[in-house]
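Trainee: how would this look folded up:
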Amino acid sequence: MLKTITKFSAHKTALTISIVMAAVSLIFLIPMSLFFMVIPSVGGGDAVSEFMPFMMLLVMPAMYLVFGYIMTLAWTYIYNWVSTFTGGIQFTIRDESEEEPPEA
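Mentor: Below you'll find the model as predicted:
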């Protein structure tokens with residue numbers, strides 16, 4: 001079955017993608033923060049370098065959320081405009097109940 005994506009809901013798409021980006025960033029930030037807390041700091045360290053992993057855990061997911069939302073919002077508006085000229089992205093889907101066509 002051939003389907004065509006002719007328009008994305010800009011807000012809904014941007015919200016979903018930005019939340020996923022923020023959540024995925026935690027997968028990397030939590031281990032990195034733990035790593036930076038465990039390794040000794042070069043040059044003796046100070047209060048700023050010891051505070052940085054905690055700050056990174058707070059700031060980076062928020063930045064991914066905000067900038068991910070803005071960039072996805074821009075992308076969906078551009079895609080919706082371009083798809084009026086090109087017809088959009090086409091893809092084929094099939095139901096699980098359908099039999100697979102024989103390969104040539």
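Trainee: shaky segments in this structure?
Mentor: Residue ranges of the chain with pLDDT under 70: 39-51, 98-104.
Trainee: longest helix of it?
Mentor: In the chain, taking DSSP state H as the definition, the longest helix is helix 47-86.
Trainee: spatially central residue for this protein, please.
Mentor: For the chain, the residue nearest the mean C-alpha position is residue 21 (3.3 Å; Cα atoms, centre = their mean).
Trainee: wait, a helix at that residue?
Mentor: Yes. Under DSSP: H, G, I helix; E, B strand; the rest coil, residue 21 sits within a helix.
Trainee: elements contacting the longest helix of the chain?
Mentor: helix 10-38 (3 or more Cβ pairs under 8 Å, 6 or more residues apart in numbering; DSSP states H and E). (Each C-beta comes from the backbone N, C-alpha and C, glycine too.)
Trainee: could you give the angle of the helix it packs on to helix 47-86?
Mentor: Counting by axes from the mean of the first three to the mean of the last three Cα atoms, to 10 degrees, helix 10-38 lies at 150 degrees to helix 47-86.
Trainee: picking that back up, next, the buried residues of the longest helix of the chain.
Mentor: 53, 56-57, 60-61, 64-65, 68-69, 72-73, 76, 79-80, 83 (16 or more other Cβ atoms under 10 Å).
Trainee: what's the offset of it from the middle of its chain?
Mentor: Chain-centre distance of helix 47-86: 8 Å, with Cα atoms, centre = their mean, to the nearest Å.
Trainee: just stretch 11-23 next, same as before
Mentor: Distance of stretch 11-23 from its chain centroid, counting by Cα atoms, centre = their mean, is 7 Å.
Trainee: re earlier: name the nearest residue to the residue nearest to the centre of the chain, sequence neighbours excluded.
Mentor: Spatial nearest neighbour of residue 21, chain neighbours left out: residue 68 (3.9 Å); criterion: Cβ to Cβ, 6 or more residues apart in numbering.
Trainee: show me the contacts for the one you found.
Mentor: Going by Cβ atoms under 8 Å, 6 or more residues apart in numbering, residue 68 touches 14, 17-18, 21-22.
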